[in-house]
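Student: 3D, please:
(2 chains)
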Amino acid sequence: QVQLVQSGADVKRPGASVKVSCEASGFTFTDFYIHWVRQAPGQGLEWMGRINSNSGDTLYAQKFEDRVIMTRDTSISTAYMELSSLKSDDTAMFYCARDVLGGGTVFDYWGQGTLVTVSS
Amino acid sequence: DVQMTQSPSSLSASLGDRVIITCQANQDISNYLTWYQQKPGKAPKLLIYDASNLETGVPSRFSGGGYGTTFTLTISGLQPEDLGTYYCQQHDNPPITFGPGTKVDLK
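Tutor: Numbering: from 1, shown residues only, chains lettered A, B, ... in the order given. So this is what the prediction gives:
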């Protein structure tokens, strides 16, 4: 069955970086984009960007493009999202989601979420 | 960026009620509109794609409609498991943007 399993919760100091992983199984990893979506506590969904798991090409939301890096390791079907220069308002749940290459941007499977807390 | 709005922001309904949520885009997005349901502490779940196509496994009481700038999600006969927050999302133009959400609870 299709699964996206994310790394566990993390606590970071302001100014630090965090790297969240998203391990895929049950489908051909390189047939899909992996997107990252942020959700602050009690707030809505915010798209951060995507990576083409086949080519490695990325597209970032302008809001994050100067401090986010999305990568993937096809040998272990895992995508990564690294966010740097963390601030307290980066405290949020981060989700990965898949979207088939060449299709519309529809997130049919999501990871379980990774809570990142930024606190001094 | 395409701005998405939803109305109402929250609603209270009784079991069995027909519930309608509206999503508007500030420019024409054709039918590139998706609906998700999110329950507390859980990841969003895909309900409707391309404005009106029901995702496999989603109950038929959910339906979507609309084109261009105005879209609707209808729940025909609210069930207890339908409580949660509903988000629309456009993918006509990057960046992908979501509506602010509509919280559905019991009256």
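
Student: where does chain B have low pLDDT?
Tutor: Across chain B, nothing is flagged by pLDDT under 70.

Student: Swap in 90 and give it another go.
Tutor: Low-confidence segments of chain B, defined by pLDDT under 90, are located at B:93-94, B:107.

Student: What parts of it come near chain A?
Tutor: Within chain B, the positions near chain A by Cβ under 8 Å from any Cβ of the partner chain are B:32, B:34, B:36, B:38, B:43-46, B:49-50, B:55, B:87, B:89, B:91, B:94-101. C-beta coordinates here come from the backbone N, C-alpha and C atoms, glycine included.

Student: Of the residues you listed, grab the buried ones for PyMOL.
Tutor: Only the buried entries of the residues of chain B next to chain A go into this PyMOL selection, using 16 or more other Cβ atoms under 10 Å in any protein chain shown:
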select buried, chain B and resi 32+34+36+38+43+44+45+46+49+55+87+89+91+94+95+96+97+98+99+100+101
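
Student: Let me have stretch B:100-107 in CSV, keeping just the CA atoms, if that works.
Tutor: The C-alpha coordinates for stretch B:100-107 follow below in CSV (Å, rounded to 0.1, in the frame of the first residue of the first chain):
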residue,chain,number,x,y,z
PRO,B,100,-8.4,29.4,4.5
GLY,B,101,-10.6,26.5,5.4
THR,B,102,-14.2,25.9,6.5
LYS,B,103,-14.7,24.2,9.9
VAL,B,104,-17.8,22.0,10.1
ASP,B,105,-19.2,20.9,13.4
LEU,B,106,-22.4,19.7,14.9
LYS,B,107,-25.2,22.0,15.9
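
Student: buried sites along that stretch?
Tutor: Buried residues in stretch B:100-107, counting neighbours by 16+ other Cβ under 10 Å, are found at B:100-102, B:104.

Student: Next, find the distance separating the residue nearest in space to the middle of chain B from A:Tyr80.
Tutor: Centroid-nearest residue in chain B, with Cα atoms, centre = their mean: B:Trp35, separated by 4.0 Å. Distance of B:Trp35 to A:Tyr80, given as Cβ to Cβ, to the nearest Å: 29 Å.
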